[in-house]
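**Student:** Need coordinates for the following:
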Amino acid sequence: MRDARLILLDAAQEAVATLGLLQPDAVGTIAGLLDPEMREHPRAIATAFRKTGVQLADVDKRALGIRTNAFLSKAALEEIAPLGLGDPLVAHELTLLRATFTIARAERVSQEAALKEQLGLAFVGFEHECVGRDCPACNRVDGRVTRAAEAFVMPPVDCVAKCTGNYAIRAKIDWLAGIE
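**Tutor:** The predicted model follows:
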């Protein structure tokens, strides 16, 4: 299994590159904002980030098409790519959300040894489950059962689920294993 710090960086890089809402330089910001314990929703984390620092003037907010009482720091704006300017208040949030789903999948597969010890033969592996059907790439992994090393923690490179990578990973358990 990958080092925990590396998965944060990998998840941030994948989300920034795939979504294209933020400049490539924002990878460090996203990795730093990720909360592996998932205590707060990415929206709350992104909002707190946008509140930090010198805020844009109301005239600049209006020019971006956002309400004047919204928080958007100059530093946050500098990280937003042209595609993200379509909705600058969610650019960091969506990028964090996608990376957070990757972190959740990584956390799940990191539990393989404990699951094997706890469940013995009943632990079959990790099953990939699509959350929706709008992404053909994610649909290809739906139903696959793998060991941790082969699990699809990172979304497929051709994933078009432009928010999360549209699948989860869960432990697959054969509750009847060993019953005669």
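**Student:** Quick check: phi and psi on Cys130?
**Tutor:** phi -70, psi 140 (degrees, to the nearest 10).
**Student:** Now stretch 13-22: buried residues?
**Tutor:** 13-16, 18-22 (16 or more other CB atoms under 10 Å). Quick note: C-beta positions are derived from backbone N, CA and C, even for glycine.
**Student:** Pass me the low-pLDDT residue ranges in the protein, would you?
**Tutor:** 1-5, 162, 178-180 (pLDDT under 70).
**Student:** Could you report the neighbour count for Gln111?
**Tutor:** By the measure other CB atoms under 10 Å, the count of residues near Gln111 is 15.
**Student:** what's the helix or strand for the closest residue in space to it that isn't next to it in sequence?
**Tutor:** Excluding the flanking residues, the one nearest Gln111 by CB to CB, 6 or more residues apart in numbering is Ala171, at 7.4 Å. Assessed by DSSP states H and E, Ala171 sits inside strand 167-173.
**Student:** Restricting to C-alpha, output that strand in PDB.
**Tutor:** The C-alpha atoms that make up strand 167-173 are tabulated as PDB, following Å, rounded to 0.1, in the frame of the first residue of the first chain:
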ATOM      1  CA  TYR A 167     -17.400   4.300  -7.800                       C
ATOM      2  CA  ALA A 168     -16.700   3.100  -4.300                       C
ATOM      3  CA  ILE A 169     -14.700   0.200  -2.900                       C
ATOM      4  CA  ARG A 170     -16.100  -2.000  -0.200                       C
ATOM      5  CA  ALA A 171     -14.900  -5.200   1.500                       C
ATOM      6  CA  LYS A 172     -16.500  -8.300  -0.100                       C
ATOM      7  CA  ILE A 173     -17.300 -10.900   2.500                       C
END
